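Visitor: build the 3D model from these lines:
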Amino acid sequence: MQAVQSEFLAIDRKSRARIPFTDIDHRDPQERICDFEDVVIALDAERAMLEASRCVHCPDPAACVTACPAHNDIPSAMWLIEQGQFLEAANLYRQTSSLPEICGRVCPHEQLCQGSCVRSKKHSHVLTGALEAFVTDYAREIAGVSMPRQAAYGKKVAIVGAGPAGLACAEQLVQKGYQITIFESKPEPGGLLLYGIPNFKLPKDVVFARWQDLATAGVEFVGNTYIGKDKTVDDLFDEGYEAVFVGVGSEIDAPMEVPGEDLPGVYKATEFLIRANVALDMLPADLNTRPPIGRKVAVIGGGDTASDCLRTALRMGADEVTCLYRRTEKEMPGGRKDRQLAREEGAQYQFLTQPVKFIAGEDGTLKQIECIRMQLGEPDAKGRRKPVPIEASNFIVDADTAILALGYWPDPIIGETTPDLKTHKYGLIVVDRETMATSRPGVFAGGDDVTGPDLVVTAMVAGRKAAAGIDAYLHSGSAKAS
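Guide: Numbers count the residues shown, from 1 in each chain. Prediction:
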């Protein structure tokens, strides 16, 4: 940033502020619901340079940098892109992010960098996420991606979980000369990035390309291996690994606990998305068929996963797809952008609606959902107004498929099978937030298995932080434990 600050001082911020805002382009809704391809029309070089020139280069610390969990140097990247120095911009992103081509696509930018842009006060933020994706895609196509490696250090590190936290930890450690092996319960690497996020939001080729970077650098992958069941963390130490990073996420679907939840035709969101969005030859043996759905689909929940399920059901041919949510849209935790895309594609919403029973038809499969109307009461401990049932307001929603997108719980199995590993809140792993060290010497953790369900970028940052902690531990033989 310092190298270009003097030039920034001469910038006419007023003229930059007058450059009009043009939002990201998307494929036509009637076209895009016919396939699972990316819905975003990527920027071209000319559009990218113009968009980057809209950055007014706020004085340090820029709000966009502060709001980015990775603290990417966004103003300097915007300057480089404006000048057409796309390779340099991509390299700048990779200094602070292990997954910039992915975060540029799936981060809730409106809540992070873009939402903090001073221009957002007039609804004309800079498209920082799209520009991050553009330059990293451009650099991969033009120059490829390489990872400089130090001389082999001679120590082995095991990573449990091949999602964003695990991939980031591997990316940092392999460059320091460690021998890295990632263990994953599913057949292929990627975790949530591959198995949880639909292709229309994050093309699988982007994930595969980033994994290939790691594989080329020497990271090994062992799939279909469920740590805690097939082998334990202790087994990994017995096999010669000198440190273990646990990044297994938080992927146990929260139950609804109402009658009829186990009826045929009622799916948990994870199973539905995995079976619907991933190539069959990449699926676990017990999930390698497409989920049959009916004409009328109800998705229960208000987060990003609910939006993913709505849009996936539409692509699978459902005639009517409706989201049932017990609060109003104002309280929905999911991103507004995804809801807008879902509505464009034909999804409908019923707010202040709480399912209380799933009802079978004559064939034993789901036919209807009994619901009750809700009203908002007093705020709860987190400040959200609590939904309160309205007495005698029950009504019926016709649905032959229901998808429960109610949030996620941690998998407690690592804590249950690893002696001296401290956990809390249904299995979340306790760590020192500086080193990501756990109570068990040599074991580190980060991502959703520590925080609960959060963002891809926060998991990625945790993986990088844990890599630094592991490096310090293996050089010193000790780490600050929780």
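
Visitor: would you map the helices across the stretch 101-250 of the chain?
Guide: 113-116, 128-142, 164-175, 192-195, 204-217, 233-238 (DSSP state H, counting those that start in this stretch).

Visitor: can you say which of these is packed in most?
Guide: Ranked by mean neighbour count, the helices of the stretch 101-250 of the chain are led by helix 164-175 with a mean of 28 (mean count of other C-beta atoms under 10 Å). Quick note: C-beta positions are derived from backbone N, CA and C, even for glycine.

Visitor: so what does that helix touch, helix or strand wise?
Guide: Judged by 3 or more C-beta pairs under 8 Å, 6 or more residues apart in numbering; DSSP states H and E, helix 164-175 is in contact with strand 156-160, strand 179-183, helix 192-195, helix 204-217, strand 243-246, helix 456-476.

Visitor: that one: how far from the chain's middle?
Guide: How far helix 164-175 lies from its chain's middle: 16 Å, per C-alpha atoms, centre = their mean, to the nearest Å.

Visitor: same question for stretch 297-315.
Guide: In terms of C-alpha atoms, centre = their mean, the centre of stretch 297-315 is found 16 Å from the chain centre.

Visitor: CA atoms of it as CSV?
Guide: C-alpha atoms of stretch 297-315 as CSV (Å, rounded to 0.1, in the frame of the first residue of the first chain):
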residue,chain,number,x,y,z
VAL,A,297,-41.5,-28.7,-2.5
ALA,A,298,-41.3,-26.9,0.8
VAL,A,299,-38.0,-25.8,2.3
ILE,A,300,-38.0,-25.0,6.0
GLY,A,301,-35.4,-22.5,7.2
GLY,A,302,-34.1,-19.0,6.5
GLY,A,303,-30.3,-19.3,6.0
ASP,A,304,-28.2,-19.6,2.9
THR,A,305,-28.6,-23.4,2.9
ALA,A,306,-32.4,-22.9,2.6
SER,A,307,-31.8,-20.7,-0.5
ASP,A,308,-29.5,-23.3,-2.0
CYS,A,309,-32.2,-26.0,-1.5
LEU,A,310,-34.9,-23.8,-3.0
ARG,A,311,-32.8,-23.1,-6.1
THR,A,312,-31.7,-26.7,-6.4
ALA,A,313,-35.3,-28.0,-6.2
LEU,A,314,-36.3,-25.7,-9.0
ARG,A,315,-33.5,-27.1,-11.2
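
Visitor: can you pull the buried residues of that stretch?
Guide: Neighbour counts over stretch 297-315 (16 or more other C-beta atoms under 10 Å) mark 297-315 as buried.

Visitor: next step: those residues restricted to helices.
Guide: In this view, these that belong to helices under DSSP state H are 304, 305, 306, 307, 308, 309, 310, 311, 312, 313, 314, 315.

Visitor: so the last one is in contact with residue 31, correct?
Guide: No: between residue 315 and residue 31 there is no contact under C-beta atoms under 8 Å: 11.5 Å.

Visitor: redo the helices and strands packed on helix 164-175 as a markdown table? Include mean pLDDT and distance to residue 346.
Guide: Formatted as a markdown table, the helices and strands packed on helix 164-175 follow (pLDDT from 0 to 100; distance: least, C-beta to C-beta, whole Å):
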| stretch | mean pLDDT | distance to residue 346 |
| --- | --- | --- |
| strand 156-160 | 98 | 40 |
| strand 179-183 | 98 | 39 |
| helix 192-195 | 96 | 25 |
| helix 204-217 | 97 | 24 |
| strand 243-246 | 98 | 40 |
| helix 456-476 | 97 | 27 |
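
Visitor: quick one: which of those is nearest residue 26?
Guide: With C-beta to C-beta as the criterion, residue 26 lies closest to helix 204-217 of the helices and strands packed on helix 164-175, at 17.3 Å.

Visitor: sorry, back to before: quick check: which of the helices of the stretch 101-250 of the chain is nearest to residue 91?
Guide: With C-beta to C-beta as the criterion, residue 91 lies closest to helix 128-142 of the helices of the stretch 101-250 of the chain, at 7.4 Å.

Visitor: report the inter-axis angle for that closest one versus helix 204-217.
Guide: Interaxial angle, helix 128-142 versus helix 204-217 (axes from the mean of the first three to the mean of the last three C-alpha atoms, to 10 degrees): 60 degrees.

Visitor: for helix 128-142, packing partners?
Guide: Checking 3+ C-beta pairs under 8 Å, 6+ apart, helix 128-142 ends up next to helix 45-52, helix 74-82, helix 86-96, helix 100-106, helix 113-116.

Visitor: what about residue 152, how many residues close to it?
Guide: 11 (other C-beta atoms under 10 Å).

Visitor: gap between residue 375 and residue 155?
Guide: Distance, residue 375 to residue 155, using C-beta to C-beta, to the nearest Å: 59 Å.
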